[in-house]
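> pasted the sequence and its predicted model underneath.
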Amino acid sequence: MFELLFLSLQNILEFARTFCYGWYRFLNKKYLKNTPKVEVDYNKLLKESTELKNLENVKYCVDHGANNLNECVKIASQNSNYSIVEYLIQKGADTAIALRYSKSPNITNMIYRFEHNSEIIK
C-alpha cells in the first residue's frame, strides 16, 4: 500500500517537473527572448541609496558607472553619514563640497586628514 502511494507521489512529482520545464521552454522561446533590455539609471539609484544610507548599494552603483559623486557626497554630508562620505571621497568626490555641507566634526576631521595626507584612509 505504502509502496504504491510512494510510487504515485514519485510519478506526480516527475510529471510536475516535466510539465513545468516544458512551460519554461515554451515561454522562453516565445516571449522571454524578445523582451527589451532594461536600462538602469545608476545615477538616480546612487542618489536614492545615499539618501537611504545604504553603503552596499552606493558601492554597487559607483562600480557600475554612476558619476554624480559630488551631488551624493553633499547629501551624505548633510545626513552625517561618515562611511558613505569616506567612500565617495576615495572614489573622487570633491572634498570642498563635503566640507561645505558637513554637520559632523568626525566628517570634517576625516576630510582634513584626507586633504593633508596626515593619515592614510583605507
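Done, it's in.
> count the residues that sit near the closest residue to residue 58 other than its chain neighbours.
Distance criterion C-beta to C-beta, 6 or more residues apart in numbering; nearest residue to residue 58, sequence neighbours excluded, is residue 49 at 4.9 Å. For every residue, glycine as well, the C-beta is placed using N, CA and C. Residue 49 has 23 neighbours, counted by other C-beta atoms under 10 Å.
> same question for residue 59.
15.
> tell me which element it falls in.
Assigned by DSSP states H and E, residue 59 belongs to helix 55-63.
> what residues sit buried inside that helix?
58, 61-62 (16 or more other C-beta atoms under 10 Å).
> now do stretch 105-113
Residues 107, 110-111 are the ones in stretch 105-113 that count as buried (16+ other C-beta under 10 Å).
> among the residues you listed, which are in helices?
107, 110-111 (DSSP state H).
> make JSON lines from the residues you listed and add distance to residue 86 to it.
Below are those laid out as JSON lines (distance: C-beta to C-beta, whole Å):
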{"residue": "107", "distance to residue 86": "8"}
{"residue": "110", "distance to residue 86": "6"}
{"residue": "111", "distance to residue 86": "9"}
